[in-house]
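**Q** sequence and predicted structure are below.
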Amino acid sequence: MEYLLQVKIGALFGLLLLTLIFGFIPARVTWFRNTNGTETHRTVLSLISCFAGGVFLAACLLDIIPDYLEDMNTALDSNMMEINFPLPEFIMAVGFFTVLILERMVLNCREMRGTVNEWAPLIQDNRNGHGHGHVHGSTVLEICIAILVHKSIIVFSLSVKLVQSAVRPVWVVAYIGVFAVMSPLGIAIGISVMEAQLAAGTLIQAVLEGLAAGTFIYITFLEILPHELNSPGKQLLKVLFILLGFIVMAALTFLG
């Protein structure tokens, strides 16, 4: 087995294990699940949520979208495709609307069943307070390490959001499990596509990246940031922690 393939497979299993560990820390620690704590407790949790919002914003703008656009343009050039249409942006929009439509359909079905109290947006106001497929050699190992660090921060932030949004524990486990599986699954699909050496392999990979980017845009701009910025209290401090989360991820992206 060649070195590059070994690194990819190692990243697959390492990413799954690390994501599960960091994802279940907030779910298992009672302090994160306490929504009726003191004012200080609620403030700290709110600031953690703001930091998570900055993390998601940076990951979206500085990592996922630029990587996708670069891979998409490379794929179009390699297949000698000239399109007078913003195809990369359209694919991201498809991913965005896919999540939006699915979420609205689920909420509508639950509303029709009369279970209004059992559903709410992912981040509800119930408290007061991917690597490049064209990179070779040892550079892949560096990218894998960067992805592991990014993924750990993101899944920890997501888990904090889930445990603070009245989601049932069984669903928290399911959400974190699905989230943890998605990246390794994407790596596995990427490995399969590249190993199969399909003529349109790079294009298929780029399209999948675009759909993922669209879902990330939805989560960042319609779920996380509006919740924190629209809730009252300590607005400047919230902005500071959003900026701090952004800076941390920007630094990791720069170093990675």
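**A** Yes, it's here.

**Q** which stretches of the stretch 51-200 of the chain form helices?
**A** Here the stretch 51-200 of the chain has its helices, by DSSP state H, counting those that start in this stretch, at 65-78, 87-112, 139-163, 169-196.

**Q** comparing the ones you listed by mean pLDDT, which bottoms out?
**A** Comparing mean pLDDT across the helices of the stretch 51-200 of the chain, the weakest is helix 139-163, with a mean of 67.

**Q** distance check, the closest residue to residue 224 other than its chain neighbours against residue 70.
**A** Once flanking residues are discounted, residue 224 sits nearest to residue 53: 4.6 Å by CB to CB, 6 or more residues apart in numbering. The C-beta positions use only the backbone N, C-alpha and C, and glycine is treated the same way. For residue 53, the distance to residue 70 (CB to CB, to the nearest Å) stands at 25 Å.

**Q** more crowded one of those two?
**A** Shown here are residue 53 and residue 70; by other CB atoms under 10 Å, residue 53 has more neighbours (27 against 15).

**Q** in contact with the more buried one, which residues?
**A** Residues in contact with residue 53 (CB atoms under 8 Å, 6 or more residues apart in numbering) are 220, 224-225, 228, 242, 245.

**Q** also residue 23?
**A** Applying CB under 8 Å, 6+ apart, the residues near residue 23 are 155-156, 158-159, 176, 179-180.

**Q** let's see it at 6 Å
**A** Residue 23 is in contact with 155, 159, 176, counting by CB atoms under 6 Å, 6 or more residues apart in numbering.

**Q** my guess is residue 62 meets residue 253, correct?
**A** Yes: between residue 62 and residue 253 there is a contact at 4.9 Å, judged by CB atoms under 6 Å.

**Q** please name the nearest non-neighbouring residue to residue 162.
**A** In space, residue 162 is closest to residue 172, 4.9 Å off (CB to CB, 6+ apart).

**Q** neighbours of the one you found, just the number please.
**A** Neighbours of residue 172 under the rule other CB under 10 Å: 20.

**Q** likewise residue 174?
**A** Number of residues near residue 174 (other CB under 10 Å) recorded here: 12.
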